[in-house]
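Chemist: Got a predicted structure plus its sequence, pasted below:
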Amino acid sequence: MNLSGQSIIRFCEIPTETLVVCDDIYLPFGEVRIRNAGGDGGHNGLKSVIKSLNDDRFIRMRIGVGYPDESEKLQDFVLDNFSEKELLILDKTINFALMLIDCFIANGYQYMLNHYSKYKKTYSESLISESKTTGGKI
């Protein structure tokens, strides 16, 4: 992941029409956000893509994995297994992300963005509901 930019340059004919999907520790677990430009947010994979393209104008989908507590190292946190509660939320997150990716492949960024906006509230409400059934904790 940290050298993702090399793959973008090597395999993508039009990088600005490429969707980069990555995890994001600064988003709550299960949150999905999309943008068509911006910085790397401290993510080494995005940093590599920006450096390889010499441009930050590419489409990215960030999926929140949450932030570790003080007792856990970041590397261990992002490589750790998911809990049963997290797997329930992750299932909804993956389905939402796949729907958006299908929209992007079929019709491009703007179409994906329209669907994101249309279904975001319903998706977020399902995460809140899932969080409540798990005692508000993940």
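Modeler: Received the coordinates, thanks. Numbering: from 1, shown residues only.
Chemist: switch to C-alpha atoms for all contacts and neighbour counts from now on
Modeler: Will do.
Chemist: nearest residue to Leu27 other than its sequence neighbours?
Modeler: Spatial nearest neighbour of Leu27, chain neighbours left out: Gly64 (4.3 Å); criterion: Cα to Cα, 6 or more residues apart in numbering.
Chemist: Near the one you found, how many other residues are there?
Modeler: 20 (other Cα atoms under 10 Å).
Chemist: contacting residues for it?
Modeler: Listed by Cα atoms under 8 Å, 6 or more residues apart in numbering, the contact set of Gly64 reads 23-32.
Chemist: For Asn114, give me the pLDDT.
Modeler: The per-residue pLDDT reported for Asn114 equals 92.
Chemist: Give me the residues contacting the host helix or strand of Ser126.
Modeler: Ser126 belongs to helix 109-133 when assigned by DSSP states H and E. Contacts to helix 109-133, defined as Cα under 8 Å, 6+ apart, come from residues 30-31, 34, 36, 59, 88-89, 92, 96, 100-101, 103-104, 137-138.
Chemist: mind listing what's buried in that helix?
Modeler: 109, 112-113, 116, 120, 123-124, 127, 130-131 (16 or more other Cα atoms under 10 Å).
Chemist: that older thread, could you check how far the residue nearest to Leu27 is from Ile8?
Modeler: Look at Gly64 and Ile8: by Cα to Cα, to the nearest Å, they are 22 Å apart.
Chemist: quick revisit: hmm, which of the contacts of Gly64 are the buried ones?
Modeler: 23-27, 29-32.
Chemist: For this structure, just list every one of the strands.
Modeler: Secondary structure of the chain by DSSP state E: the strands cover 19-24, 32-35, 59-64.
Chemist: and which of the buried ones among the contacts of Gly64 is nearest to Phe82?
Modeler: Using Cα to Cα, Phe29 comes nearest to Phe82 of the buried ones among the contacts of Gly64, at 10.8 Å.
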